[in-house]
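Q: 3D, please:
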Amino acid sequence: MVKHKTKNYIIIIIIGLALVAAQSSGIKWNVSLITILILGDILFPSLLGWLRAKCTLIWANKNQIVMRKGNIVTIVLWLIYIIGHGALTYFVRDNENFMLFSIGISLLVQREVIWIDSRKKFSIQIRNNERLQLYKK
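A: Model (predicted):
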């Protein structure tokens, strides 16, 4: 079911930033680390989150609940993310501290894009999802 629960991903991002802050005294800040942080830990995960969302199948089931399902393309995009971030971590010292932050960014973008696309495509049915989400809290 398509849900609009962004709180979990924001918590992941905050925990990731807290871990970075805890390790900040040992991080050797330099131009390459900051560049990789912007490109590899914010833009790259955002792009892949957006791509995964756009490749996710969205439909309304027989109960008029909007559903989502990934596919082989979304799996491949996750593998690209994991390999790409692993390479960044290998080549740029101290980048491993940003992994949780990066995952949170990617998941947040994916969830938001799916929610926006669902609201556009199924503007009436998405109200059922909203009601169920409120009911299950």
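Q: Identify each buried residue in the lowest-mean-pLDDT helix or strand in the chain, please.
A: Ranking every helix and strand in the chain by mean pLDDT, DSSP states H and E puts helix 31-38 at the bottom, with a mean of 82. Neighbour counts over helix 31-38 (16 or more other C-beta atoms under 10 Å) mark 33, 36, 37 as buried. In this view, the C-beta of every residue, glycine as well, is placed from N, C-alpha and C.
Q: Is it possible to get TSV of these that adds distance to residue 25?
A: TSV is the format used below for the buried residues of helix 31-38 (distance: C-beta to C-beta, whole Å):
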residue	distance to residue 25
33	14
36	19
37	17
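Q: Tell me the one of those nearest residue 92?
A: Using C-beta to C-beta, residue 36 comes nearest to residue 92 of the buried residues of helix 31-38, at 4.7 Å.
Q: quick revisit: send the alpha carbons of the least confident helix or strand of the chain over as PDB?
A: What follows is helix 31-38, C-alpha atoms only, in PDB (Å, rounded to 0.1, in the frame of the first residue of the first chain):
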ATOM      1  CA  VAL A  31      37.500  19.600  -0.800                       C
ATOM      2  CA  SER A  32      37.200  16.000  -2.100                       C
ATOM      3  CA  LEU A  33      35.200  14.800   0.900                       C
ATOM      4  CA  ILE A  34      32.800  17.800   0.600                       C
ATOM      5  CA  THR A  35      32.400  17.300  -3.200                       C
ATOM      6  CA  ILE A  36      31.800  13.500  -2.700                       C
ATOM      7  CA  LEU A  37      29.400  14.300   0.100                       C
ATOM      8  CA  ILE A  38      27.300  16.600  -2.200                       C
END
